[in-house]
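Student: no sequence on this one, just coordinates:
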């Protein structure tokens, strides 16, 4: 066990965990930030996507020891009142079915738009390809990303 | 308005006075962590009045409606309360929805399965709203001393025009709670609907997009421990021994032990399908620490029954296809005689592998079992059956067992089989502590109640004019006999023979979204395409001719057929028109398919271009007859999801076994459809016929693999008989 100081959603948080612990489990078990989801544990489904210094990152294979003081943003910290353009677009298009993967989808989409505010349809598909939606809401996901890019 | 007796769901109207007027009732306490905004707190009523088990009205006019059935992503948590709100005649903005816990005294069929929540809940939900509305009217009539028949309602306001009196529901709710439950109530006509048939956003939408705790895996409790299981590595194996001591000292680990989940005398329900009697268990403080101990744990297994491989299943199913069963499932006329006179014969065999459900949220459950009571909370499609099993396994009466359902990160049939919840309860009982059982993705994928593997052979005979004169289908599946003998084209062909076999295996199988239909629909509709081609006819016209036959001169007793040929033909005609079938789309290859299941009719046209071996689906047109559509916005979402799901699994997914060991265990070996592979566009059209609502969560999935295979044939000149159509490994992402 070791003590780590993390910068999460603009706040400093201290945790005492094994250095190998992935950020996903630090968030969920230690900090009770459960919006970031566990889906596969091998960085293949995207449910655990967070922003690390603004870049979409899979938190399930990201050991706490590798993070240092980099800025972590989770779905809880994406916006103060749930009004990030991507969140608003997600609601307007009524994207979710079961909803479980959607936090990860939103984190991937919001990082994309941060770096590329006007992505083409192909760029949206390519970037969103890393996030599995088992309910098959892909058509709506693309539509919501497009809508958010225009706002 | 239609006057009806309140005969259905009477139990729901035996009011629980313990709750009536009990002030603000918050959701189950873990949900209390979802803080309400100040606006929400300010707008909360000071007092709630329960008019029946489905709803309570606040003194300020807010209405809480309980959603009785489990929510797995089919959006019943929005749709079911919409039906209550419609008949209560309240504004949707004034409605708060809560997930009801299991309560068999009030609710019937609290189950998510078979696309039946809306169909079977329809009357009871309408009654619940209409009864409360009638009680409000009675109370207002008494207060104003006017005849009840002169009182009208609109969006939560009662009005008596002659006297000019008017009051909100909140003002009358207290008096209404004391009114006798009426013997008969008025139900609205479809044309009077203001909520049903309109687009309403998912009631949990905001919580979902802001990452609020909603799912079983999100549960946190004071003193809660994490539990994980180690299950046999192969089907046909059982626990022999384990070296618990060596991992007990690992960081954060509380205990490690073998556990009997299902004693030999346990009274199991059908929902215990896939149950493993004895497991190895790791309990600790955190998920990551449990994962490490689980990896380090040495467990010895022994053979329980002969391990099986996919190659064996394939051979055994093929052998069954070559064998006539003792009895036909259905026999009209004489197929053998007809084949002898046929001008043309077409014969093809189709197959599909086992599939895992792969809900994005792996199996998990919270349990806190003490000597006094058992509290269970988590994702379960069959809470009522879970309760029955717990009575037997925990040795506790039903009254001491509380089961609450969380929103579920997908179901697809997997959470019909609640063995994981039973495991959680038994582990909590042994530990004497609240625990959350968590499956890893690998646990989840390798301990399935899988979609069975299937094979089916079709043989059709055509006369010299291209008329279908004989149809023979023989199907076989693992632990499942696949064939619906009374579905189309039964009743439309003079000589018809349906035969079925089931191959017993020790690989556990169960319902997977649209059981059996999920394979047989695509196979049948791909074969239909081959037969239409052999007949030299347009595939839609060929089908419509058969429906005409089933309408005008059905073979056998038409009551025996479990489809309505007019509604079936209706969706085909609709999709033909909407897709501009006759002209097609330039440069695209096109396929059609239609199927009936879960009481609903679906027809689809699919356009694609090939990208090497892979289909690039440009557009799907989908016509649906599911009667009245409650919430078109989310109904279309269900249709789109079913289409993506159906294309994905038919094209990319498979589960296979080697000596009982699953060969796929995570998304690097099991391929699921991804964003780039999903159709570019899906357009859905509903038939507006005012018929009471039928299934929606499943029916769009089954036919789409037929439309896809038919379009791929147009593009490549090859027929696709074997699923998955593409057997490549998943591409690595990230």
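Tutor: Sure thing, it's come through. Predicted model, so just to flag it, every value in this text is computed and none were measured.

Student: so which helix or strand takes in the closest residue to chain B within chain A?
Tutor: Proximity to chain B, evaluated over chain A using C-beta to the nearest C-beta, is greatest for residue A:35 at 2.0 Å. All C-beta atoms are positioned from the backbone trio N, CA, C, and that covers glycine. Counting by DSSP states H and E, residue A:35 is held by no secondary-structure element, helix or strand.

Student: residues touching it, list them.
Tutor: Neighbouring residues of residue A:35 by C-beta atoms under 8 Å, 6 or more residues apart in numbering or on different chains: A:74-76, A:103, B:210-213.

Student: Kindly indicate which of those residues lies nearest residue B:729.
Tutor: Nearest to residue B:729 among those: residue A:103, at 27.6 Å, using C-beta to C-beta.

Student: Going through the contacts of residue A:35, which ones are buried?
Tutor: By neighbour count, with 16 or more other C-beta atoms under 10 Å in any protein chain shown, those hold A:74-76, A:103, B:210-213 as buried.

Student: Would you format those as a markdown table with pLDDT, distance to residue B:625 and secondary structure included?
Tutor: Output for the buried ones among the contacts of residue A:35, formatted as a markdown table (pLDDT from 0 to 100; distance: C-beta to C-beta, whole Å; DSSP: H, G, I helix; E, B strand; the rest coil):
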| residue | pLDDT | distance to residue B:625 | secondary structure |
| --- | --- | --- | --- |
| A:74 | 98 | 44 | coil |
| A:75 | 98 | 39 | helix |
| A:76 | 98 | 43 | helix |
| A:103 | 98 | 35 | helix |
| B:210 | 98 | 37 | coil |
| B:211 | 98 | 38 | coil |
| B:212 | 97 | 37 | coil |
| B:213 | 97 | 39 | coil |
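
Student: And the contacts of residue A:35, which is closest to residue B:646?
Tutor: Nearest member of the contacts of residue A:35 to residue B:646, counting by C-beta to C-beta, is residue A:103, at 25.8 Å.

Student: Now do the closest residue to the closest one other than its chain neighbours against residue A:109, distance only.
Tutor: Among residues not flanking residue A:103 along the chain, residue A:75 sits closest, at 4.0 Å (C-beta to C-beta, 6 or more residues apart in numbering or on different chains). Distance of residue A:75 to residue A:109, given as C-beta to C-beta, to the nearest Å: 11 Å.

Student: now residue B:488
Tutor: 42 Å.

Student: residues contacting the closest residue to chain A within the stretch 351-500 of chain B?
Tutor: At 3.0 Å from chain A, residue B:409 is the closest residue in the stretch 351-500 of chain B, using C-beta to the nearest C-beta. Residues near residue B:409 by C-beta under 8 Å, 6+ apart: A:37, A:98-101, B:73, B:215-217, B:359-361, B:379.

Student: would you turn those residues into JSON lines with neighbour count, secondary structure and distance to residue B:547?
Tutor: What follows is the contacts of residue B:409, written out as JSON lines (neighbours: other C-beta atoms under 10 Å in any protein chain shown; DSSP: H, G, I helix; E, B strand; the rest coil; distance: C-beta to C-beta, whole Å):
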{"residue": "A:37", "neighbour count": "28", "secondary structure": "coil", "distance to residue B:547": "46"}
{"residue": "A:98", "neighbour count": "30", "secondary structure": "coil", "distance to residue B:547": "36"}
{"residue": "A:99", "neighbour count": "31", "secondary structure": "coil", "distance to residue B:547": "39"}
{"residue": "A:100", "neighbour count": "30", "secondary structure": "coil", "distance to residue B:547": "40"}
{"residue": "A:101", "neighbour count": "28", "secondary structure": "coil", "distance to residue B:547": "40"}
{"residue": "B:73", "neighbour count": "29", "secondary structure": "coil", "distance to residue B:547": "33"}
{"residue": "B:215", "neighbour count": "23", "secondary structure": "strand", "distance to residue B:547": "44"}
{"residue": "B:216", "neighbour count": "29", "secondary structure": "helix", "distance to residue B:547": "45"}
{"residue": "B:217", "neighbour count": "25", "secondary structure": "helix", "distance to residue B:547": "47"}
{"residue": "B:359", "neighbour count": "24", "secondary structure": "coil", "distance to residue B:547": "37"}
{"residue": "B:360", "neighbour count": "28", "secondary structure": "coil", "distance to residue B:547": "39"}
{"residue": "B:361", "neighbour count": "31", "secondary structure": "coil", "distance to residue B:547": "41"}
{"residue": "B:379", "neighbour count": "32", "secondary structure": "coil", "distance to residue B:547": "41"}
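
Student: If we go by neighbour counts, what in stretch B:671-688 is buried?
Tutor: Those would be B:671-680, B:682-687, for stretch B:671-688 by 16+ other C-beta under 10 Å.

Student: what do you get for stretch A:83-92?
Tutor: In stretch A:83-92, counting by 16+ other C-beta under 10 Å, buried: A:84-91.

Student: and chain B, which of the residues you listed contact it?
Tutor: Here is what survives when the buried residues of stretch A:83-92 are matched to chain B using C-beta under 8 Å from any C-beta of the partner chain: A:87, A:90-91.

Student: Inside helices: which ones of those residues?
Tutor: A:87, A:90-91 (DSSP state H).

Student: quick check, nearest of these to residue B:642?
Tutor: Closest to residue B:642, out of all of these and judged by C-beta to C-beta, is residue A:90, at 20.6 Å.

Student: quick one: contacts for the closest one?
Tutor: A:96, A:102, A:106, A:144, B:205, B:209.

Student: JSON lines for these, including pLDDT, secondary structure and neighbour count?
Tutor: Below are the contacts of residue A:90 laid out as JSON lines (pLDDT from 0 to 100; DSSP: H, G, I helix; E, B strand; the rest coil; neighbours: other C-beta atoms under 10 Å in any protein chain shown):
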{"residue": "A:96", "pLDDT": "98", "secondary structure": "coil", "neighbour count": "30"}
{"residue": "A:102", "pLDDT": "98", "secondary structure": "helix", "neighbour count": "31"}
{"residue": "A:106", "pLDDT": "98", "secondary structure": "helix", "neighbour count": "30"}
{"residue": "A:144", "pLDDT": "98", "secondary structure": "helix", "neighbour count": "28"}
{"residue": "B:205", "pLDDT": "97", "secondary structure": "helix", "neighbour count": "20"}
{"residue": "B:209", "pLDDT": "98", "secondary structure": "helix", "neighbour count": "30"}
